[in-house]
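**Q** Sequence first, predicted coordinates after that:
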Amino acid sequence: MDTYSVDVVYQAISALFQGNNPKEQEKANKWLQDFQKSIYSWTIADELLHQKRDLHANYFAAQTMRNKIQNSFSELPPHTHESLRDSLITHIGQIDEQTDNVIVTQLSLAVADLALLMASWQEPINDLLVTLAPHPAAIWPLLEVLKVLPEEIDSRYLRLGANRREEVHKQLDASAECVLKFLCMCLQRDDLDQQRVWNAALRTYSAWLVIHAFPVAHVYNNALTQLAFRLLSLPETSGKLHENATECVCALLSCMNTRQDSENQCESSVEAQIFAAVCTLETPYHLSVAHEDTDKTINYCRIFTSLCDAFFNELLADPQKPHYCLKGLDLVLLCVGHFDYEVAEITFHLWYKLSEDLFQRNDDKLTALFRPHIERLISALYRHSQMESDHDGLIEENNTFYDFRRKVSDLIKDVAFIVGSGACFKQMFLILQAPDTTWESTEAALFIMQNVAKNILPDENEVIPKVVEAILNMSEQTHIAVRYTAILLIGELCDWIENHAESLEAVLNFLLYALQQKNGLAPAAAMALTSICTACRQKMVCHISGLVEIARSLDSFQINNDVAIGLLKGISLILTRLPRDQLQPALREIVGFQLQPLAQLVETSSVASVQRGERSDPVYWIDRACAIIRHTNPDVPDTVEHPTVAILNDAWQLISRVMDKYQTDLRIMERTCRLIRYGIRMVRKQAVMLVEPLIKQMVLLYAVQHHSCFLYVGSILVDEFAKSSECIGGLLEMLQAFIEPTFGLLQMENGLRNNPDTVDDFFRLASRYLDCCPLQLLQSSLITPIFQCALIACSLDHREANSSVMKFFVNLLVWGRPNSHSRNAECRPLVVELACQHGGALVMNLIQASVFQLHSYMLADVAEVLNELKQVVGNDRMQPFLVQALEALPKKNSGGYVTATQQQLDDFSRTVLSADTTKAISQALKTFTRLFR
């Protein structure tokens, strides 16, 4: 193609970076993207790098070269690999002080990726050291290449495969000693900028530590490790060097994380040395706090936390003989006590890990060992949770302090069992009782109590009665934040209130008063009232008239719609406990409060006037009605008319009009379908009157709008009504009507990828047919096209959509199992015929998708399909299916190395055929796919 030449590319680069016409720049950008995808970009990018005309061209060329190696290496024939390598090393060698860092990085990544991909390059590290190390100017790019090379091993773009990765790790292990010598030599050179070489050498050393290239016995007594600790101990170390030294020590500690239990004496000695060296950083930590150098403080905190991670197993080894590494937790707690809560937050993952392990072990002696540490942790979190004394009002949502308190809340709930929720509650109560306690201290103590209240035994009578009494008697002059948190605490004490009915009346009056306030307390009161309704359902029945009044007045309270929906949920749970004669009128009244404004919107407002989240939004009212219908679930026998049936039938005309009027708005349609779903689930087969008009309207709307929520409602209808023989014909007609627009949508360019919800809901619908009326579907002409569509959808890497496709295959194949059940006997020959006819294509697509498209967490579903297929067709048929699928996989990568040996292919096939469980196939599949990733 003549349009691609060096001069034309220069013109496009100039137009993109130096032009001032946005349309021309966009055009140039598109042209350059197409150029990068072409085969000609290899040679032109190489020429641009040689010419070095300007910064933009150099950067574009370096980026192009890196992208081509990463994504299009297969375009190059093997005989050109060496010339590409030599050219790149030449470019690296020509880098000087003036070369921009971004260009250095891109070229270094290009060389590193080439070294990883190019199987014929046997000793890339040694070759680079020999070629570049003698030249002072080349030291910097060489250090960068050595840094990025180990980092790129697990790049998902390169797809090196397990065999090549293992080979590369062996290469790097063999070269590790040379690299270490080179890095130590760099530290001693007088002709290089000392600070710069220290930074670069430490970064490179860290990258090699992360891949565990050096034995633990060799990582402490070398110049680089000693340099890192020395820099961390000096208060005058620059910020950048301090950060790189921190990365180095954290990488060093990560090496110890992976060691085996049976360590030799030498390694244990090195670990003790490293532990002692980290402990010496306590004094520099205090200096950083004194100098208010928060960046350095954060670095020390990361090191101390990594230390505990590295010695985690020793921490929990034997409560009778505590390990010396317990001192590490004291260092971490020092950081938790720092005045800046962002420092404390760095340690949170360690406390989660500790609490999880202690919970799993369930060893009282071991738990007791860590009780003092957790007590100190909670005390520090209490201090960090305090608001500023001059703060007016409540904490604003979505600021950093609000987010931090949310994380504190989660952490306290997780670790409270170590000290005991009751003990924690009492500890905070003592703070409340102290004389001259400030409002911010009171609020923080209530906040901590709020997070452990749910776990206190409901029969506690020592502290909680005093707390509840104090809250109920709080004066109007108490700081608003204290009152807000106190109200939330009342909500968390709902189980205790349920056990102390004498307090319920006073609590309800207190909450109702707070709910009516216009000062910000209403949301807390609504959430507390929801919790109490949930916990005290039977005891709240006598208050139903008051609750109905609350539902009527919802929009007079200062609460958002999510909180209002929560409150309606609580009220609905009480409705469920009403006698039948009281339930229907109360339910009709509360639902009516939501449907009347919705009817007014449908009648009077235009579609364009919808304001999301406001009263003019139909979703505002639909979600409320949905919460009521969903949570009003009385125990009604099938022979008795459900109290919700008449309400649903009456509401159908309104729901139908909503679907017609707002049919173009996916959000409103999804919420409407959710309302229909809960309504049908509530009354089950008694909703039969709605089935025919609902199907007619959904089919018409789906043909035009393609909203997948209609497919989902269809699956609910199948689930509820397909077991009635008189409904099956109509339901199959619904499926037929859905198929044409669905397949039309999915067959468009990128149809599967652009419409994962449709894939998910369509195959969920198909699975419901297989669950409820398998024979009728298998006998119909619909099953083959659905199966063929599922074959194509195997490769869709969307979690829910792919799971639905796999579930469809499993639900289909399960009917082909040998089984004496009469239903199976009728279905089995139909499934066996389908499996024998399309089994080869199914296995082929599943293996291809597993290797090239799907994430590893999705492979368990694939394994289940393979296992079911094997049971249907037998090993004699399954074996050729597998052989054919494995034969289609590439035996060698574009770099020339073997992806999977014949032995590995045979082992995988043998494992699948001999496996008794899905889990065994899943494990084999995960191991096998790593050969290609």
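**A** Received it, and whenever you're ready, just let me know what you need.

**Q** CA only for contacts and neighbour counts going forward, please
**A** Noted.

**Q** Residue 524: neighbour count?
**A** Using other C-alpha atoms under 10 Å, residue 524 has 24 neighbouring residues.

**Q** likewise residue 618?
**A** The criterion is other C-alpha under 10 Å. On that basis, residue 618 has 28 neighbouring residues.

**Q** do the one 4 residues further on as well
**A** Using other C-alpha under 10 Å, residue 622 has 22 neighbouring residues.

**Q** cool, residue 863 as well?
**A** 25.

**Q** Go ahead and confirm it touches residue 926.
**A** No: contact criterion C-alpha atoms under 8 Å: residue 863 and residue 926 do not qualify, at 9.6 Å.

**Q** Would you map the helices across the stretch 351-500 of the chain?
**A** Using DSSP state H, counting those that start in this stretch, the helices assigned to the stretch 351-500 of the chain run over residues 364-384, 400-419, 421-433, 439-452, 464-472, 480-492, 494-499.

**Q** Indicate which one of the ones you listed is closest to residue 766.
**A** When these are ranked by proximity to residue 766, the top entry is helix 400-419, at 40.2 Å, counting by C-alpha to C-alpha.

**Q** For that closest one, list every residue counted as buried.
**A** Applying a neighbour-count criterion of 16 or more other C-alpha atoms under 10 Å, the buried positions in helix 400-419 are 401, 404-405, 408-409, 411-419.

**Q** Which residues does it contact?
**A** Taking C-alpha atoms under 8 Å, 6 or more residues apart in numbering as the criterion, the residues outside helix 400-419 that touch it are 341, 345, 348, 351-352, 355, 367-368, 370-371, 374-375, 378, 381, 385, 395-397, 424, 448, 451-452.

**Q** rerun at 7 Å
**A** By C-alpha atoms under 7 Å, 6 or more residues apart in numbering, the residues outside helix 400-419 that reach it are 352, 355, 367, 371, 374-375, 381, 385, 395-396, 451-452.

**Q** now stretch 616-635
**A** By C-alpha under 7 Å, 6+ apart, the list of residues contacting stretch 616-635 reads 565, 568-569, 572-573, 575-577, 591, 594-595, 598, 601, 610-611, 613-614, 668, 671-672, 675, 678-679, 682.

**Q** which of the residues you listed are buried?
**A** Among the contacts of stretch 616-635, those that count as buried by neighbour count (16+ other C-alpha under 10 Å) are 565, 568-569, 572-573, 575-577, 591, 594-595, 598, 601, 610, 668, 671-672, 675, 678-679, 682.

**Q** Let me know the distance separating residue 189 from residue 136.
**A** When C-alpha to C-alpha, to the nearest Å is applied, the distance between residue 189 and residue 136 equals 10 Å.

**Q** Could you export the worst-scoring helix or strand of the chain on mean pLDDT as PDB, CA atoms only?
**A** Using mean pLDDT, DSSP states H and E, the weakest-scoring helix or strand in the chain turns out to be helix 265-279, at a mean of 86. In PDB, the C-alpha atoms belonging to helix 265-279 read as follows (Å, rounded to 0.1, in the frame of the first residue of the first chain):
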ATOM      1  CA  GLN A 265      19.100 -23.200  59.400                       C
ATOM      2  CA  CYS A 266      20.700 -20.700  57.100                       C
ATOM      3  CA  GLU A 267      17.300 -19.300  55.800                       C
ATOM      4  CA  SER A 268      16.000 -19.100  59.400                       C
ATOM      5  CA  SER A 269      19.000 -17.000  60.300                       C
ATOM      6  CA  VAL A 270      18.500 -14.700  57.300                       C
ATOM      7  CA  GLU A 271      14.900 -14.200  58.300                       C
ATOM      8  CA  ALA A 272      15.900 -13.300  61.800                       C
ATOM      9  CA  GLN A 273      18.400 -10.800  60.400                       C
ATOM     10  CA  ILE A 274      15.800  -9.200  58.100                       C
ATOM     11  CA  PHE A 275      13.300  -9.100  61.000                       C
ATOM     12  CA  ALA A 276      15.800  -7.400  63.200                       C
ATOM     13  CA  ALA A 277      16.700  -4.900  60.400                       C
ATOM     14  CA  VAL A 278      13.100  -3.900  60.000                       C
ATOM     15  CA  CYS A 279      12.700  -3.500  63.700                       C
END
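
**Q** hmm, back to that, just the buried residues of the contacts of helix 400-419.
**A** 352, 355, 367, 371, 374-375, 381, 385, 451-452.

**Q** Format the residues you listed as a markdown table; extra columns: pLDDT and distance to residue 823.
**A** Rendered in a markdown table, the data for the buried ones among the contacts of helix 400-419 read as follows (pLDDT from 0 to 100; distance: C-alpha to C-alpha, whole Å):
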| residue | pLDDT | distance to residue 823 |
| --- | --- | --- |
| 352 | 97 | 50 |
| 355 | 97 | 50 |
| 367 | 95 | 55 |
| 371 | 96 | 59 |
| 374 | 97 | 59 |
| 375 | 96 | 62 |
| 381 | 97 | 61 |
| 385 | 97 | 62 |
| 451 | 97 | 53 |
| 452 | 96 | 53 |
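
**Q** From those, pick the one nearest residue 81.
**A** When these are compared for distance to residue 81 (C-alpha to C-alpha), residue 352 wins out at 49.1 Å.

**Q** residue contacts, residue 387?
**A** Residue 387 neighbours (C-alpha under 7 Å, 6+ apart): residue 440.

**Q** related to what we said a few turns ago, which ones among the contacts of stretch 616-635 map onto helices?
**A** Using DSSP state H, the subset of these located in helices is 565, 568-569, 572-573, 575, 591, 594-595, 598, 601, 668, 671-672, 675, 678-679, 682.

**Q** which helices and strands does the strand or helix carrying residue 802 pack with?
**A** Taking DSSP states H and E as the criterion, the element that holds residue 802 is helix 799-813. Helices and strands touching helix 799-813, by 3 or more C-alpha pairs under 7 Å, 6 or more residues apart in numbering; DSSP states H and E, are helix 756-772, helix 859-873.

**Q** and the first one, what does it pack onto?
**A** Using 3+ C-alpha pairs under 7 Å, 6+ apart as the contact criterion, the secondary-structure elements in contact with helix 756-772 are helix 709-721, helix 799-813.

**Q** Among those, single out whichever gets nearest to residue 334.
**A** That would be, of those and by C-alpha to C-alpha, helix 799-813, which comes in at 42.5 Å.

**Q** could you dump the closest one to PDB, C-alpha only?
**A** The C-alpha coordinates for helix 799-813 follow below in PDB (Å, rounded to 0.1, in the frame of the first residue of the first chain):
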ATOM      1  CA  ARG A 799     -19.600 -13.700  33.600                       C
ATOM      2  CA  GLU A 800     -23.400 -13.900  34.000                       C
ATOM      3  CA  ALA A 801     -24.100 -14.300  30.300                       C
ATOM      4  CA  ASN A 802     -21.600 -17.200  29.900                       C
ATOM      5  CA  SER A 803     -22.900 -18.800  33.000                       C
ATOM      6  CA  SER A 804     -26.400 -18.800  31.600                       C
ATOM      7  CA  VAL A 805     -25.200 -20.400  28.400                       C
ATOM      8  CA  MET A 806     -23.300 -23.100  30.200                       C
ATOM      9  CA  LYS A 807     -26.300 -23.700  32.500                       C
ATOM     10  CA  PHE A 808     -28.500 -24.200  29.400                       C
ATOM     11  CA  PHE A 809     -26.200 -26.900  28.100                       C
ATOM     12  CA  VAL A 810     -26.100 -28.600  31.500                       C
ATOM     13  CA  ASN A 811     -29.900 -28.400  31.900                       C
ATOM     14  CA  LEU A 812     -30.300 -29.900  28.400                       C
ATOM     15  CA  LEU A 813     -27.700 -32.700  28.700                       C
END
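
**Q** moving C-terminal of it, what's the next helix or strand?
**A** As assigned by DSSP H and E, the chain's next helix or strand after helix 799-813 is helix 822-852.

**Q** now, which of the contacts of helix 400-419 sits nearest residue 464?
**A** Distance to residue 464 across those (C-alpha to C-alpha) is lowest for residue 452, with 12.1 Å.

**Q** How much space separates the closest one from residue 212?
**A** As judged by C-alpha to C-alpha, residue 452 and residue 212 stand 42 Å apart.

**Q** Lovely, talk soon.
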